[in-house]
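A.B. asks: below are the sequence and a predicted model for it; my questions follow.
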Amino acid sequence: MKKAVFPAAVGRLLKARFVKAAHVLFIIFLLVQIFEDKAKNPHPAYALVFIIAVEIVFILISMLVKKTETVHLFADISGFVYLFIILWTLFTAKFNILKESFFPPPGTVFEQAVRDGSVILGNIRTSLGIVVQGYVFALCLAIPLGLLLGWNSRAGNAAVYISKFLGSIPPVVYIPYGIALLPTFRSVSVMVIFLASFWPAFAGTMSGVLHVERQVIESALSLNVKKIPMLFQIILPAALPQIFIGCNQGLTVSFILLTSAEMIGGRSGLGYYVKNFSDFGDYTRIIAGVIVIGIVITAITFFFNKLQKFLLRWKS
């Protein structure tokens, strides 16, 4: 009886991990390739390589990752990617329903992205360098300042309204002043990222400090904890959840505003890549740039959330 239970358990485990709707969609994509291409240059091999790469990653995650929830999450993401590529292929390369000049087939976009790989990587480095510089500078100023002002309830309550007022002003409106006062457009972009990141992080820090449980503070005071250790060893850890909410908001807004700033006056970066080719009506490169921007932002957000879970692991 026990011998029969073990294979059944293994079978259920294999079914839970490897029998997914995403695999069915992967097979459907392969079957779609049987249809004749009606587009001029669909480059189906590039789309096929991309889908196979996603499937290989999916299988490796199913084999190596221990958490079933992570496997299910990646299965859902893979399924969405497969379905999107299937519909994109059918409406463009196979049936030519959408106008090819505006909606090129996926293989054409992937082929163009590979050919422009060095240019795209250079623009990614430029954009990430600007984001890191402005974002880190903003956090280094916003978090300590938020701690100090939030610790003083009277000053903190006033600063909340001031931050709401200044934070509601879109940082892009300062670009004309930045262009007039700062030496390069890169420094203007850093300024925009700084303003986009500072106010959410500042507001999140003050909110976290103002909402720390009074019992925690009184316990620390009863132990004669000094002000500086109180701020950085007691208040800061307790306020971290709210701080991360503000930092996460600032990071998301930073990428949106950076792309906008690069499209307005940049000479490099992902936003400039899209804007430059939009002036020439090159929709293949426009779509490639949009996809790369989405991938970069998703990857950075993913690692930021991992860092957040690691630093807040004590909460669980």
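C.D. replies: Arrived safely.
A.B. asks: got the buried residues for the helix or strand hosting A142?
C.D. replies: Using DSSP states H and E, A142 maps to helix 117-151. Neighbour counts using 16 or more other C-beta atoms under 10 Å place 120, 123-124, 126-128, 130-131, 133-135, 137-139, 142-143, 145-151 of helix 117-151 among the buried residues. From N, CA and C alone the C-beta is placed, and that goes for glycine too.
A.B. asks: against which helices or strands is that helix packed?
C.D. replies: Packed against helix 117-151 by the contact rule (3 or more C-beta pairs under 8 Å, 6 or more residues apart in numbering; DSSP states H and E) you find helix 153-167, helix 185-210, helix 236-265, helix 270-279, helix 283-311.
A.B. asks: okay, now the unreliable bits of the stretch 101-250 of the chain?
C.D. replies: Scanning the stretch 101-250 of the chain for pLDDT under 70 picks out 153.
A.B. asks: V49 versus F103, what's the distance?
C.D. replies: 21 Å (C-beta to C-beta, to the nearest Å).
A.B. asks: comparing these two, which shows the higher neighbour count?
C.D. replies: F103 (18 against 14; other C-beta atoms under 10 Å).
A.B. asks: and what about that one, helix, strand or coil?
C.D. replies: Following DSSP: H, G, I helix; E, B strand; the rest coil, F103 is assigned to coil.
A.B. asks: which phi and psi does the closest residue to it other than its chain neighbours have?
C.D. replies: Leaving aside its sequence neighbours, F103 sits nearest to T92 (C-beta to C-beta, 6 or more residues apart in numbering; 5.5 Å). When read as degrees, to the nearest 10, the backbone of T92 gives phi -120, psi -70.
A.B. asks: tell me the contacts of T92?
C.D. replies: T92 makes contact with 39, 42, 98, 100, 103-106, according to C-beta atoms under 8 Å, 6 or more residues apart in numbering.
A.B. asks: hmm, 10 Å instead?
C.D. replies: 37-39, 42, 98-100, 102-109 (C-beta atoms under 10 Å, 6 or more residues apart in numbering).
A.B. asks: buried among these? Make that a ChimeraX selection.
C.D. replies: Of the contacts of T92, the buried ones go into a single ChimeraX selection, burial set by 16+ other C-beta under 10 Å:
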select :37,39,42,100,103,104,105,106,107,108,109
